[in-house]
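Q: Return a 3D structure for these sequence lines:
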Amino acid sequence: MAAGGVAPPPPPTSPRWRRGVSLLPLRRPPQDGGGRCRSSPSADLPKMAAGGVAPPPPPTSPRWRRAATLLPSTEGPKMAGATEPEPAPQLEQVVEALELLLRPPAGPGERDGGAEPGPESALRPETLRSNAAALEERLRRAPGWAALRGLRHAVLSRATALAAGVADEAEPGWATACGLLALLLCLKERLAALAAIPAAARGAGAAPPPSADTLSVAQGRSVGRALRAAVGLGLVPYLPPGVGQRPGPPVPCPVPPATRGARLHAATAALAELAEHPALGGPLLARHLGLLLAGLCLLGHGPAAHSQGLSEAERTRCRETLRQVLDRVYQPLAVRELLVLQGRPKQSPPSPGEETKPSLVRAPAWLRCLCGQLLSERLMRPNGVQAVVRGIMEGTGGGAGAEAAAVDWRKCDTVAKILASCPQQCLSVEDYYRLVCPQILDLLHIQDKLTARQFQRVATTTLLTMAKEHPQLAEKHLLQPLLAPLLRCSETAELVVEDLSAGTVLVTEAELGSCVEDVLKVYVVGNDSSSLLLGSLQSVLGVVFSLYSFAKQNVSYLRSLCQEILLWFLEKSEREVSLAVLEGFAGLNSSVCALHSRCRFHVGSEGGATIAVEETISDEDEALYQKVSSEQCRVENLVELLSHCQKSGLAGDFFIQCLKALTRVAAEDEEASNLAAVPGGSLLELEQYHAAQRRKLLVLQLVATLCESVSDTIFTDIVQVEEFVAATLQRACLSPAQGPGAAAETQTLAMAMGLVAAMLGGAVQLQSGDFAVLKRLVPLLEELSRTYPEPLTQELAADLRIAICTHGAFSPETVGAAADSVLGKKPGMGEQSPAGTPGGAPSPGGGRAPPWHGLSAPRERSEEQSVSHEPGTVGPTPSPCADSPAPAGLQELLVSAYDPQPPSRAAALRCLASLITQRDPEALRLQEKLLQVFLENMQHEDAFVYLSAIQGIALLSSEYPEQILPVLLARYGCPVRGTEDTVATVTRMKLGEVLMRVTRALGDMVFKHREPLIQAFLRGARDPDSTLRASSLSNLGELCQRLGFQLGSIVQEVTSCLTAVAKTDPEAEVRRAAVHVVVLLLRGLSEKATEVLQDVLRDLYRLLKHVVVAEPDGATVLHAQLALEELDTVMRRVLFPPQTLEKKIVVLP
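A: Residues are numbered from 1 along each chain as shown. Purely as a prediction, here's the structure:
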């Protein structure tokens, strides 16, 4: 390309960077309010330069500048007769000269330079000419400017193109750009000279003074405007369309192509020289790096038509300068600017929100190809991956923007595709993976919270993409280094642990914690269940499970991480692999590589763990104890892990597999009993025998632990239940119950067969497919009915076989009895079936409804009635309660209700209550008389008597609430005259108990009597007697709990009463009852509390806080704390409802 002057044609397919970035929203350079790019000045930049000029700096120079000028010269003593050198120009003069060139035109009546900068004042060509003439006049005539004139002359003598441009009055824009660049080069020379001056001494405790080449704020602002004007006037107009992204239509170049390349070369050379100085290169590269790179790319790599007049050596220097600039700047910034230069591909649609922005000219093919090569070089540098990721992902500004970028998974995935593709410059894919993969793993360890999420997502997605495209290379360069700390201490480790001394740390705490976290991020968070990832993780699962067991015994943050890793693998793997891995955890097979026998975990100082070499235990007893305890702990932790796998059915499948293994153990024992007890052959046979015995013990221990720890929900479907029963039946067929364990075996067999009987009896809704599963048990049941020694078991097996074959149409009594024994029913209850429906007949719904459901409702009533029969054996009048009595019998009961003997009186009251329950017409006709009898007996001192009277009043009131409740409320409000205060209080408390029983009996119908009940209890809360006040408040609380949503506006009165009582009542018992009402109210309303109590919830909360702080009674404080806990629970349920995944299907009409 350099020799021929013609750029090579682009490849037939778009470069990797083009394909990757095509999905990214193109980030244009920052724009000002007018839509112009700040980092890409347009051709009419004189307007922008004039509009942004600041007032001139004060005439006095900064303090450190004046001090620098007073320092003695570093030159040697002057020779006699030598001419005195000119003094160096001051920085203020150079900055003033820059501002003079960019001075806006003066308005009418204003002095030169006195115009205020504004959008209407533009630097027209005549303004640029006048400013240049004013600067030349100042340099020739102004006193003290001779030094600047000489320095400027020296700079222009080195840059002939700039000198020719300054003298060109025909093009004021180019002349101003050359003048600005010359003055900026003078400023660079002066800053370099000042930097060589040693810093002034400072006093003790004083801050160090700034260096002599430090620019003030105003000077830095002026230099920034000069750089912007120099780039806009000397660089932007000479860039062709598409080179250097600029919004709007392309601007035609003001000069012919013959001089365009020379001017562009002069401007870029001067800017590149300025970029070498820190004070000038910082603002230049931060704001105008993209345009500088565009100019260097065009001159060094562009077509020859755009670089006419340049020699090959000059183009070579441009290419070298391009590399130097890219290597010097902040690499993410270089990546971002190269992406902007590369531009959007032709087929890429605009990003959301960019449709209304000015369109960009598409970059030429040679520039897109070059930018792709440069980006690939940035990627393959040290820390190039992080630079590329930061260059694409950064720019969000932190805070919410960074969170939004982390959520932008599409952008992260696009970056991952870029990183996973091998560039063309790389010799081989393996070399690229060897260079890039360690940097990808480093992305997982970013500590910055704002960028950690997006970097980890990029790293995870890149790793998964590489694993799909090149599995072998990804496993070698990514997965093995990722799992290296765990592989280092496994059984298959190549490390010779026997040669290491005891106490040697193989894996440090930081290394192990970082490894486990990385595994969680890549495998669990990445959630890619490919065979490569599952296979690589399976190689270290044994070590992870050992670490999980260690963390369960200690306090470590690694416990939850290891648990998530193990559960993810068990969920994503095939069921056979998961079961084999679980057996490996238990030590039944070698499907997983366990921890090395000499490696042990130790508690770390930061809550983690370390892996170190342990000394070999010489004592055999101690070694045996350690081995047995570790196996027991491993089994317990395995069962604990399985408790989280019950919903998926894995726990049930593993339990069934353990039962099958137990069946094989029983079969082996049966065979061994017929042969010699212990083999007497070689050592190999003896070792195999001991291994088999150890496996049997492990199976027995595992089954025992599973039976003790796993809940009854371990089986999730009929298939698992069938497999469980089949394993039990098969074990019974192989080895019938004999010897010391015969009772346990018989009980297990009875439980399994009773489970099948319960399913056939209607405990489970069976479908036709379920019977097809159960038919697998028919051969085993048939064999059991023929070979099992116990006759009852043989008969039950035969009946179960018949019931399964007939799909439950024929169910003998033995099946029902077995189902009753499993379900805990009484033997006789299964026979009480409706007439015409056999006990085993299926219901029309497809399965038999359990017959015990219909008997639970009348049982309570029968128990309640049975109490009325018991006193009949003591009193003289038990006979009227047997059947519905005649009027004469009712009269005898009324007379017996006043019997002086308490047992006879109580029995009569119970019989009267039973008559009301049976709705006896004669008794209901005398309801007023019965009420009078109950009320009078309620004042009796014997508890058996007044409790019977209370029950009768409650039954009568529930039957006739309209007639009875007003009487009870009237008596509750004002006691009977002529009674003592104590007796009246006790009677009113008994009436309160009656009212509460009526409330419970009425249920939702109590709303009709809400107001009189609440008013009666509120009046009772103001009674002089403290006991009655406490009782009234207790009744009020239960009533409010029953009402729920039906409280309505009366809740205000209740709240006011409770607040007054809790704060002012002198008795602790009453205050305690008031706070207890709040507890009942919140507990009864639950989630409805925020709706029912929305107007008084704040008052209740303040009341409870007041009680907790100021109440002296401990029980009252406890009630308040309970109420606050209830309120906290309610608010948490409202603010943080449980997240449930559900799918609703709505059928439209």
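
Q: the strands in this protein, which residues?
A: 505-507, 599-603, 609-613 (DSSP state E).

Q: Export these to CSV and append columns for mean neighbour count and distance to residue 626.
A: For glycine as for every other residue, the C-beta is placed from the backbone atoms N, C-alpha and C. Converted to CSV, these look like this (neighbours: other C-beta atoms under 10 Å; distance: least, C-beta to C-beta, whole Å):
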stretch, mean neighbour count, distance to residue 626
strand 505-507, 18, 19
strand 599-603, 19, 10
strand 609-613, 22, 16
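
Q: can you list those strands in TSV and add distance to residue 1004 and mean pLDDT?
A: Converted to TSV, these look like this (distance: least, C-beta to C-beta, whole Å; pLDDT from 0 to 100):
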stretch	distance to residue 1004	mean pLDDT
strand 505-507	66	89
strand 599-603	60	89
strand 609-613	60	90
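
Q: Now those in a markdown table, please, with extra columns for distance to residue 332.
A: Listed next are the strands of the chain as a markdown table, based on distance: least, C-beta to C-beta, whole Å:
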| stretch | distance to residue 332 |
| --- | --- |
| strand 505-507 | 34 |
| strand 599-603 | 40 |
| strand 609-613 | 36 |
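
Q: quick one, which of those strands is nearest to residue 343?
A: Closest to residue 343 of these, according to C-beta to C-beta: strand 505-507, at 48.5 Å.

Q: list the helices and strands the closest one packs on?
A: Here strand 505-507 touches strand 609-613, going by 3 or more C-beta pairs under 8 Å, 6 or more residues apart in numbering; DSSP states H and E.

Q: Which of the helices and strands in this structure ranks last by mean pLDDT?
A: Within the chain, judged by mean pLDDT, DSSP states H and E, the helix or strand with the poorest mean is helix 856-869; its value is a mean of 34.

Q: What is the neighbour count of residue 217?
A: 8 (other C-beta atoms under 10 Å).

Q: my bad, residue 144
A: So residue 144, with other C-beta under 10 Å, has 10 neighbours.

Q: Figure out which of the strands of the chain is closest to residue 794.
A: Closest to residue 794 of the strands of the chain is strand 599-603 (C-beta to C-beta; 54.0 Å).

Q: Run through the neighbouring helices and strands of that closest one.
A: The elements that strand 599-603 packs onto, with contact taken as 3+ C-beta pairs under 8 Å, 6+ apart, are helix 541-553, strand 609-613.

Q: rerun at 7 Å
A: If contacts are counted by 3 or more C-beta pairs under 7 Å, 6 or more residues apart in numbering; DSSP states H and E, strand 599-603 sits against strand 609-613.

Q: The strand it packs on versus strand 599-603: what angle between them?
A: 140 degrees (axes from the mean of the first three to the mean of the last three C-alpha atoms, to 10 degrees).

Q: which neighbours does strand 609-613 have in its sheet, and in what orientation?
A: Applying DSSP bridges, strand 609-613 is found paired with strand 505-507 (antiparallel), strand 599-603 (antiparallel).

Q: Identify whichever of these lies nearest to residue 480.
A: Of all those, strand 505-507 sits nearest to residue 480, with 15.1 Å by C-beta to C-beta.

Q: which other residues reach the closest one?
A: Strand 505-507 is contacted by residues 485, 488-489, 599, 610-613 when judged by C-beta atoms under 7 Å, 6 or more residues apart in numbering.

Q: Greatest separation within these: which pair is it?
A: So, the contacts of strand 505-507 by C-beta to C-beta: farthest apart are 485 and 613, at 14.6 Å.
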